[in-house]
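Visitor: What follows is a predicted protein model with its sequence.
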Amino acid sequence: MSIVYKTRTQLVVETLREKILNGEIKAGQPLRQAALAEELNVSRIPVREALLQLEAEGLVAFEPHKGATATELNIEQVDELFELRAMLECDLLAASIPNLSDETLEHATQLLGKLDKALGKENAANTWSELNSDYHNCLYSGANRPQTQELVNMLNKNADRYIRMHLLWAGGISKAESEHNELLALCKSGDIEKAMVLMKQHILGSRDEIKEFLLQRENG
């Protein structure tokens, strides 16, 4: 893929993402490829690529006979998703910490390094989001609770677009970074109580900032 083409797709992604997040493109509004290509003065190919990327971010849905539409961003859903995550993930972490091996902790340290490097690169939100999940799952891997882990993964999938939105728009990255480092230190020292408190704060703090962002967007 040529650099020019990739950058063009990226520009379309960023333009459409901004329009969806600032409410200029409303939930349920059809995103017609031909019209968007004309409006943005590009061919249909980067528009299609961009819509697929935004689908992966949860901001666009493809429906039969309807094509692509902007998805609903829902404050009530944020509350429920993030509160369930806080309950289950704190539980998993507490069960996991006593069983975390040096190798696993080393792997978590490496993932944090990759998270740090992912920032500022093209597709940063996508890469960051994946590495963020890998990091959390690495810390939970000692729990040996596959059903809880499956539930957490499902909740995270549903929360993913809000998490990405937080990273991109609400300054969530810098805060997450210091909390991630602190969390790893607590796991290494085996301090379950403090790790659980921090994990809860980490998840519910994101929830509050995302809700504030969505409210500003509604009232903007």
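Guide: Now that the structure is in, tell me what you want to look at. Numbering: from 1, shown residues only.

Visitor: Would you agree Gln53 is in contact with Leu11?
Guide: No - using CB atoms under 8 Å, Gln53 is not in contact with Leu11, being 11.9 Å away. (Each C-beta comes from the backbone N, C-alpha and C, glycine too.)

Visitor: more crowded one of the two?
Guide: Gln53 (20 against 14; other CB atoms under 10 Å).

Visitor: Read off the pLDDT value for the more buried one.
Guide: On pLDDT, Gln53 comes in at 87.

Visitor: Would you mind measuring from it to Glu14?
Guide: Distance, Gln53 to Glu14, by CB to CB, to the nearest Å: 10 Å.

Visitor: do the same with Asn156
Guide: The gap separating Asn156 from Glu14 is 24 Å, by CB to CB.

Visitor: ditto for Gln147
Guide: 39 Å.

Visitor: Which one's more surrounded, the two?
Guide: In this view Gln147 and Glu14 are compared by other CB under 10 Å, and Glu14 has more residues nearby, 12 against 7.

Visitor: and that one, what element?
Guide: helix 3-21 (DSSP states H and E).

Visitor: For that helix, give the mean pLDDT please.
Guide: According to the model, helix 3-21 has a mean pLDDT of 80.

Visitor: Against which helices or strands is that helix packed?
Guide: Secondary-structure packing of helix 3-21 (3 or more CB pairs under 8 Å, 6 or more residues apart in numbering; DSSP states H and E): helix 33-40, helix 44-56, helix 146-169.

Visitor: okay if I get those as CSV plus distance to Glu193?
Guide: Listed next are the helices and strands packed on helix 3-21 as CSV, based on distance: least, CB to CB, whole Å:
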stretch, distance to Glu193
helix 33-40, 51
helix 44-56, 37
helix 146-169, 20
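
Visitor: What residues sit buried inside the helix-or-strand element of the chain with minimal mean pLDDT?
Guide: For the chain, using mean pLDDT, DSSP states H and E, the weakest element among its helices and strands is helix 3-21, scoring a mean of 80. Within helix 3-21, the residues scored as buried using 16 or more other CB atoms under 10 Å are Arg8, Thr9, Gln10, Val12, Val13, Leu16, Arg17, Lys19, Ile20, Leu21.

Visitor: Ala118 versus the fourth one, what's the distance?
Guide: This points to Val12. 22 Å.

Visitor: starting at the chain centroid, how far to the longest helix seen in the chain?
Guide: Longest helix of the chain, by residue count under DSSP state H: helix 192-219. Distance, stretch centre to chain centre, for helix 192-219: 13 Å (CA atoms, centre = their mean, to the nearest Å).
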